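>>> sequence first, predicted coordinates after that:
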Amino acid sequence: MESRLPCDDSEYRERLAEAARQTFVPTLPDNIPDNVDDLASNHRTGEAAQLLEKGIEQHQRCQFSAARQSFQEALAMYAQLANRRGQGKALSGMALTAYSLDNFQQAIKYSNKSLAIAKDIKDQRLEGQVLGILGNAYRHQGNHLKAIDYGQKSLTIMRQLQDRLGEVTALNNLGLAHKALGDLPRAMACQQQSLYVAQTLGLPELEERILRNLSNCCYSIGDYAQAIDYYEQRFAIAQQMGDHPLEGQILGKLGNACLALGDYFQAIYYIQQQLLRAQQMGNRRLEQQALGRLGKAYDALDNYGQAVEYYEQRLSIARAIGDRKAEKKAIASLKAAYYSQGNYTKAMEYHQKNLALTN
């Protein structure tokens, strides 16, 4: 789901929020150890299974290089033991790690090897999961038709297995492939089905990630009212989870959607809530973004004096945190606001400041 796997790392979570990285990655099998009951008689199999489990845990913590090493060691052990199922699982782990590191060609290579084993030993669950990784990798390479083909095959298998979580993952990723191809109606249909199934599982974080994709789709086609509905559902889930950074992010999106609709007073309400949360968290970057949005809302209401006040505050914070891009935006906004106010001297002053930054 722009998102990969949830991690505790804040920078990784911020990256997840980007629209281009909203993928759900198939989780690796829970039934990791092969022949666990035989560990006493086959110590090497037990060691390989432990390495596989270690790799999965490292991947879930976003320790991708360490996970890759664990999966490689597990693969070598399983190869020595001629354990085909273990090899298939280790290869799927290597594919997943390569995918998470944006090495999509390598992800495809490992996935194909794992897929061949899964088919040979008739492991449908592994086959469905690897097909999902292949679909995601091809989507990121721009081969959307292949992504849809693999995604549909993964969905078919997950439904045959009655794997509800696997079905959610396949549907959402299939929706992202259709979106990348430009077929937004099919993309949204897939994601709505995904949301329906996710709601039966009682996993709020999963619901939130699907709602994020749906809201982004609606916003991109200009259906701001529906986007707001999905944002509000996301906000309720974020509150339920106690995720304050996510709450702040969603409030900003609600403000943007209301601005796009021309509902400026409602936009101001949401953005003021965002500003409050940013200040409570000490998140200066989010604070300057909120101030910029407030300035834009008051600009739209022709309240240039209030707009200038918020833009000035944004400029001050942008300079304090060394954000040159935000600084340029604040200066450009101030120039436009003063010009609209009829204060041409001030408008020229900020025009000169903008030129100085550009040069």
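Now that the structure is in, tell me what you want to look at. Residues are numbered from 1 along each chain as shown.
>>> so where is this structure shaky, pLDDT-wise?
Where the chain drops to pLDDT under 70, the residues are 1-42, 359.
>>> recalculate using a threshold of 90.
In the predicted model of the chain, residues 1-46, 202, 350-359 satisfy pLDDT under 90.
>>> and it, what are its domains?
As recorded under the TED database, the domains making up the chain are 48-122, 124-202, 266-358.
>>> now the ones you listed in JSON lines, with mean neighbour count?
Bear in mind the C-beta positions are built from the backbone N, C-alpha and C, glycine included. JSON lines is the format used below for the domains of the chain (neighbours: other C-beta atoms under 10 Å):
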{"stretch": "domain 48-122", "mean neighbour count": "20"}
{"stretch": "domain 124-202", "mean neighbour count": "21"}
{"stretch": "domain 266-358", "mean neighbour count": "18"}
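>>> how about those, which one is nearest residue 245?
Comparing those against residue 245 with C-beta to C-beta, the closest turns out to be domain 266-358 (6.7 Å).
>>> measure that closest one end to end?
35 Å (C-alpha to C-alpha, to the nearest Å).
>>> now residue 290: how far from residue 318?
Using C-beta to C-beta, to the nearest Å, one gets 13 Å for the distance from residue 290 to residue 318.
>>> same check on residue 197?
If you measure residue 197 against residue 318 using C-beta to C-beta, the figure is 43 Å.
>>> so which of the domains of the chain comes closest to residue 241?
Checked against C-beta to C-beta, the stretch from those lying closest is domain 124-202, at 12.9 Å.
>>> end-to-end on the closest one?
With C-alpha to C-alpha as the measure, the first residue of domain 124-202 is 25 Å from its last.
>>> need the contact list for the nearest residue to residue 273 once chain neighbours are set aside.
By the measure of C-beta to C-beta, 6 or more residues apart in numbering, the closest residue to residue 273 outside its immediate chain neighbours is residue 251, 5.0 Å from it. The neighbourhood of residue 251, defined by C-beta atoms under 8 Å, 6 or more residues apart in numbering, consists of 235, 270, 271, 273, 274, 277.
>>> in which helix or strand would I find residue 251?
Residue 251 is located in helix 244-261, with elements delineated by DSSP states H and E.
>>> okay, angle between the next helix or strand after that helix and helix 244-261 too, please.
Read in the C-terminal direction, the helix or strand following helix 244-261 is helix 264-281, with elements assigned using DSSP H and E. Orientation note: helix 264-281 sits at an angle of 160 degrees relative to helix 244-261 (axes from the mean of the first three to the mean of the last three C-alpha atoms, to 10 degrees).
>>> other SSEs contacting helix 264-281?
In terms of contacts (3 or more C-beta pairs under 8 Å, 6 or more residues apart in numbering; DSSP states H and E), helix 264-281 is packed against helix 244-261, helix 284-300.
>>> save those helices as a markdown table, and put in distance to residue 314 too.
Compiled in a markdown table, the helices and strands packed on helix 264-281 are given as follows (distance: least, C-beta to C-beta, whole Å):
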| stretch | distance to residue 314 |
| --- | --- |
| helix 244-261 | 13 |
| helix 284-300 | 4 |
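>>> which residue is the nearest non-sequential neighbour of residue 291?
Closest residue to residue 291 apart from its sequence neighbours, by C-beta to C-beta, 6+ apart: residue 314 at 4.0 Å.
>>> what helices or strands is the strand or helix carrying the one you found leaning on?
Residue 314 is located in helix 304-320, with elements delineated by DSSP H and E. Secondary structure elements in contact with helix 304-320, counted by 3+ C-beta pairs under 8 Å, 6+ apart, are helix 284-300, helix 324-341.
>>> contact partners of it?
When contacts are taken as C-beta under 8 Å, 6+ apart, the neighbours of helix 304-320 outside the stretch itself are 284, 287-288, 291-292, 294-296, 298-299, 324, 326-327, 329-331, 333-334, 337-338, 340-341.
>>> that helix to helix 284-300, inter-axis angle?
Inter-element angle recorded for helix 304-320 and helix 284-300: 160 degrees (by the same axes, to 10 degrees).
>>> the nearest residue to residue 227 once chain neighbours are set aside: neighbouring residues, count only.
Taking C-beta to C-beta, 6+ apart as the measure, residue 227 lies nearest to residue 218, with 3.8 Å between them; neighbours along the chain are not counted. Residues lying near residue 218 (other C-beta atoms under 10 Å) number 21.
>>> then residue 262?
By other C-beta under 10 Å, the residues close to residue 262 number 10.
>>> again with the one 3 residues further on
Residue 265 has 9 neighbours, counted by other C-beta under 10 Å.
>>> state the distance from it to residue 78.
As for residue 265, its distance to residue 78 is 63 Å (criterion: C-beta to C-beta).
>>> repeat that for residue 281.
Shown here: residue 281 relative to residue 78, a distance of 46 Å by C-beta to C-beta.
>>> swap in residue 151?
Between residue 151 and residue 78 the distance, using C-beta to C-beta, works out to 28 Å.
>>> how far out from the middle of the chain is the helix or strand hosting residue 185?
According to DSSP H and E, residue 185 maps onto helix 184-201. When C-alpha coordinates are averaged (C-alpha atoms, centre = their mean, to the nearest Å), helix 184-201 and its chain have centres 16 Å apart.
>>> mind giving me the packing neighbours of that helix?
Short answer (3+ C-beta pairs under 8 Å, 6+ apart): helix 184-201 packs on helix 164-181, helix 204-220.
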